[in-house]
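Participant: task: produce atomic coordinates for the following.
(chains A and B)
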Amino acid sequence: MFIPEITRYLMGYLTITVTGRFCERFINVCAAKNILLWDIKRISPHSIRCKISVPAFRMLPSITYHTGVRVHINIKHGFPFFLKRYKKRKIALFGVFAFLILVIGANQFVWHIEVTGNYKIPEEKILSVLNDSGLKIGTLRRKIDPAELKKNALMSIPELAWLWVDSNGSNVIVDVREDIETPEMKSITDYVNVTAKCDALIEKMTVRGGVPVVAEGDTVLAGTVLVTGKIPSSIRQDIRYVRADADVFARVWYEKCEVFSLISTTRHETGKHKTHRTLDFFGKKINILHSDNPPYKNYDLNENTYSFFGIKLMTRKYDEVELQEELLSEETMADFGVAQIKKKLEEEVQPDSVLKSFDATHKVLNDTTIEVTVKAEYLENIAVSVKEEIPEGLN
Amino acid sequence: MGRKKAKRNIPKKIAKTLDIPEDVMLGAPRLTMMSNRELRIENHKSILEYETDKITLCTKDMLIAISGDALDIGVICDDEILVTGEILSLEFSKIRS
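Facilitator: Okay, the predicted model is just below:
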């Protein structure tokens, strides 16, 4: 039912009123001549209202003459009449054509580039390489050569394993795959010793290769050989060199001392704010009623970028702040200092280390400074593989 | 008269023997009703009367009178008519020959 209605709308149709004593005869003659009438309604004893297509309406005069009825057009429906109505409005017509040309023309350019599939390589790096190869916002779509772009990008970024450029309308999707890092190859014939990373007390050893030199419970210094790859043979009079491999868990002590000031600077918003807007028109930046300098001496900055078809509107909102110095209490600063030092320590030790004990002390140096000392004991793997040269003439 | 009647019945008998629908073979009217809101009649000849409460149609060998309320003719072409509205009764009568 929907498709005939669209066809009728496109071809145009009329609502007519047929008046006369022989309306039934008119309907019969129209049906006999294969003229389609629809939505026929009796509106009075001598008249009916119906709908008829425009080409069929042109055949009516002879029928009306022979059947003795009069036909009157009530409403003209459909696209041809709509066009006719707007034919006189030249500017509107020009606007429609201008719009169509603008849409078709705008569709020929790249307006948005989207990079997908990258995890380690930053999007900006890929986009800058593509930019150098000729793909940027505003490039003609037909000038995009995916094979050439792929070649250039793979040559410039060695971490890339694959890249393809798909243009979907004015939106370009750059699909990339990153290279998987090749693990370091370890030769089994190398002579490698396991040494201590730092001074520690050994608690547990798991030796997978080589001969342990120290035992659990020993205290070792940094650089001490823990497991050696030098194995003397008990049968022959020679020495075999192997790759020593072990996990050595030991108690390691860390001590850190830092000085903190009790004077803290706090920022209070004054309530004043100014927004600077900059228009980025295909790389050319236009400041709207402002210079590049910030309006306040001390401020918090909030930046936003809105992109629309290659034109970017960047807004920078400056909130003025007032700096106030205040004297913090000794305990507050000590807690803050401990937290800071602990954070630094956790970055230093290995990720799978276990904290065994923790001790923090502080002392006041003068009215405005305190010294915070942290002593921490971790259980961590101190094994470090060190490759050694095999002495000449052996093995 | 009897012979004429017998002659008229021959196509009917052929249709019955060959199992061909009468509307195809003899041009008999085919009526399709959707509840009492829509009635589609194929193989009609002409409209004899059209009022909002009554439509009378002529088919090959009978008259069909449709009575109801707010009766409209949805579509009409040379062999098909669609009557819409609230149909209350259908009446068939023989055309006198």
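
Participant: quick one: contacts for the spatially most central residue of chain B?
Facilitator: Centroid-nearest residue in chain B: residue B:29, 4.0 Å away (criterion: CA atoms, centre = their mean). Counting by CB atoms under 8 Å, 6 or more residues apart in numbering or on different chains, residue B:29 makes contact with B:23, B:41, B:42, B:43, B:44, B:59, B:60, B:62, B:64. (Each C-beta comes from the backbone N, C-alpha and C, glycine too.)

Participant: and these as CSV, adding secondary structure and neighbour count?
Facilitator: Output for the contacts of residue B:29, formatted as CSV (DSSP: H, G, I helix; E, B strand; the rest coil; neighbours: other CB atoms under 10 Å in any protein chain shown):
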residue, secondary structure, neighbour count
B:23, helix, 15
B:41, strand, 20
B:42, strand, 15
B:43, coil, 18
B:44, strand, 21
B:59, strand, 20
B:60, coil, 13
B:62, strand, 13
B:64, strand, 21
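
Participant: among those, which one sits closest to residue A:342?
Facilitator: Taking CB to CB as the measure, residue A:342 lies nearest residue B:42 of the contacts of residue B:29, at 91.7 Å.

Participant: got the phi and psi for the residue in the stretch 151-300 of chain A positioned nearest to chain B?
Facilitator: Nearest to chain B, among the residues of the stretch 151-300 of chain A, is residue A:169, at 42.4 Å (CB to the nearest CB). Backbone geometry at residue A:169, expressed as degrees, to the nearest 10, gives phi 70, psi -130.

Participant: what is the neighbour count of the nearest residue to residue A:22 once chain neighbours are set aside?
Facilitator: Leaving aside its chain neighbours, residue A:22 sits nearest to residue A:67 (5.3 Å; criterion: CB to CB, 6 or more residues apart in numbering or on different chains). Number of residues near residue A:67 (other CB atoms under 10 Å in any protein chain shown) recorded here: 20.

Participant: and the helices in chain A?
Facilitator: Assigned by DSSP state H, chain A shows helices spanning A:2-11, A:23-32, A:54-57, A:60-67, A:79-87, A:90-106, A:123-132, A:146-156, A:330-348.

Participant: may I see the ones you listed organised as TSV, with distance to residue A:321 and mean pLDDT added?
Facilitator: Shown next, in TSV, are the helices of chain A (distance: least, CB to CB, whole Å; pLDDT from 0 to 100):
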stretch	distance to residue A:321	mean pLDDT
helix A:2-11	63	86
helix A:23-32	84	92
helix A:54-57	73	92
helix A:60-67	83	92
helix A:79-87	58	85
helix A:90-106	43	90
helix A:123-132	30	90
helix A:146-156	43	89
helix A:330-348	21	88
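
Participant: which one of those is the most hemmed in?
Facilitator: Most buried of the helices of chain A, by mean neighbour count (mean count of other CB atoms under 10 Å in any protein chain shown): helix A:23-32, with a mean of 20.

Participant: would that one count as contacting chain B?
Facilitator: Yes - between helix A:23-32 and chain B, judged by CB under 8 Å from any CB of the partner chain, the touching residues are A:23, A:24, A:27, A:28, A:30, A:31, A:32.

Participant: so the last one touches residue B:78, yeah?
Facilitator: Yes - taking CB atoms under 8 Å as the contact criterion, residue A:32 and residue B:78 are neighbours in contact, 6.1 Å apart.

Participant: distance from the chain centre to stretch A:225-239, please.
Facilitator: Stretch A:225-239 sits 56 Å away from the centroid of its parent chain (CA atoms, centre = their mean, to the nearest Å).

Participant: pLDDT averaged over that stretch - what is it?
Facilitator: Averaging pLDDT along stretch A:225-239 yields 82.

Participant: please apply the same query to stretch A:363-377.
Facilitator: On average, stretch A:363-377 scores 88.

Participant: with just CA atoms, put that stretch into PDB.
Facilitator: Extracted in PDB, the C-alpha atoms of stretch A:363-377 (Å, rounded to 0.1, in the frame of the first residue of the first chain):
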ATOM      1  CA  LYS A 363      62.100  15.500  63.600                       C
ATOM      2  CA  VAL A 364      61.700  19.300  63.500                       C
ATOM      3  CA  LEU A 365      64.700  21.000  62.000                       C
ATOM      4  CA  ASN A 366      63.400  24.600  62.500                       C
ATOM      5  CA  ASP A 367      60.100  26.500  62.600                       C
ATOM      6  CA  THR A 368      59.200  25.800  59.000                       C
ATOM      7  CA  THR A 369      60.900  22.500  58.100                       C
ATOM      8  CA  ILE A 370      60.800  18.900  59.200                       C
ATOM      9  CA  GLU A 371      62.800  15.900  58.300                       C
ATOM     10  CA  VAL A 372      60.900  12.600  57.600                       C
ATOM     11  CA  THR A 373      62.800   9.300  57.800                       C
ATOM     12  CA  VAL A 374      61.300   6.100  56.500                       C
ATOM     13  CA  LYS A 375      62.800   2.600  57.100                       C
ATOM     14  CA  ALA A 376      61.200  -0.200  55.200                       C
ATOM     15  CA  GLU A 377      61.900  -3.900  54.800                       C
END
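
Participant: buried residues in it, which are they?
Facilitator: A:370, A:372, A:373, A:374, A:376 (16 or more other CB atoms under 10 Å in any protein chain shown).

Participant: got it, and stretch B:30-43?
Facilitator: B:30, B:31, B:39, B:40, B:41, B:43.

Participant: now do the helices in chain B.
Facilitator: For chain B, applying DSSP H gives helices covering B:2-18, B:22-25.

Participant: which residues of chain A lie near chain B?
Facilitator: A:23-24, A:27-28, A:30-32, A:34, A:36-42, A:45, A:48, A:50.

Participant: let's see it at 10 Å
Facilitator: Counting by CB under 10 Å from any CB of the partner chain, chain A comes close to chain B at A:4, A:23-43, A:45, A:48-51.

Participant: picking up where we left off before, the buried residues of stretch A:363-377: which two are farthest apart?
Facilitator: Most distant of the buried residues of stretch A:363-377, by CB to CB, are A:370 and A:376, 19.1 Å apart.

Participant: for whichever residue of chain A sits closest to chain B, give the beta-bridge partners.
Facilitator: In chain A, the residue that lies nearest chain B is residue A:40 (3.7 Å; CB to the nearest CB). Note on residue A:40: beta-bridge partners by DSSP bridges are residue B:73.
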